[in-house]
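Q: Below is the structure, and that's it, no one-letter string:
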């Protein structure tokens, strides 16, 4: 057994998979491309990984929301490196012995209807939004509307803040405050 997120015990062997016989909600809608869905049938998802995860916001009222301590998100993503499902890349990196390649992530699991699918802003089965902010390059989902996030093409990552407040510096290879950039 391997210790998983939130103290859950996760078997090393996978016990349930996404297939027509085991989970009919994992089948794609009739109007999607069958070639894109062929690989969905081979995805393996444990019962523990299917469980929605909640995080309690510290402060007034202790509000609970779907997601993890790093991001509010209505889905989990599949790390291509190990085939396991996590709320975010940081959750993966906290418990695994290798870092995830955020750009290699291809699949998400909707926490509302447990449908595995390609990463997208909305679930193709229940049509709910997975996050207020979604980046298809970094495969980053964040449903906190108060958080400003933008993707920098030059850095190849998403950054916190408003795009107009930062300038990418080609000399240092990072984004700097536009207020202090010369």
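A: It's in. Just so it is clear, the model here is predicted, and its values are computed rather than measured. Numbers count the residues shown, from 1 in each chain.

Q: what's the span of stretch 94-101, first residue to last?
A: Stretch 94-101 has an end-to-end distance of 14 Å (C-alpha to C-alpha, to the nearest Å).

Q: Pretty sure residue 90 sits in a helix.
A: Yes: according to DSSP: H, G, I helix; E, B strand; the rest coil, residue 90 belongs to a helix.

Q: So which residues make contact with stretch 135-142?
A: Contacts to stretch 135-142, defined as C-beta atoms under 8 Å, 6 or more residues apart in numbering, come from residues 71-75, 77, 88, 102-103, 105-106, 108, 119-120, 130-134, 149, 151, 156-158. No exception for glycine: its C-beta is placed from N, CA and C like everyone else's.

Q: Strands - which of the residues you listed land there?
A: Among the contacts of stretch 135-142, DSSP state E puts 75, 77, 108, 133, 134, 149, 151, 157, 158 in strands.

Q: thinking again about what came up before, could you tell me which of the contacts of stretch 135-142 count as buried?
A: Buried subset of the contacts of stretch 135-142 (neighbour count, 16 or more other C-beta atoms under 10 Å): 71-75, 77, 88, 102, 105, 108, 119, 130-134, 149, 151, 157-158.

Q: center of the protein, which residue is that?
A: residue 77 (3.9 Å; C-alpha atoms, centre = their mean).

Q: How about the contacts made by that one?
A: Residues counted as contacts of residue 77 (C-beta under 8 Å, 6+ apart) are 85, 86, 87, 88, 89, 105, 107, 108, 109, 119, 139, 141.

Q: Residue 62: which of these is nearest?
A: Nearest to residue 62, judged by C-beta to C-beta, of the contacts of residue 77 is residue 87 at 18.9 Å.

Q: where do the helices sit along this protein?
A: Using DSSP state H, the helices assigned to the chain run over residues 34-37, 47-50, 89-95.

Q: mean confidence score for the first one?
A: Average pLDDT, helix 34-37: 56.

Q: Cool, thanks, talk later.
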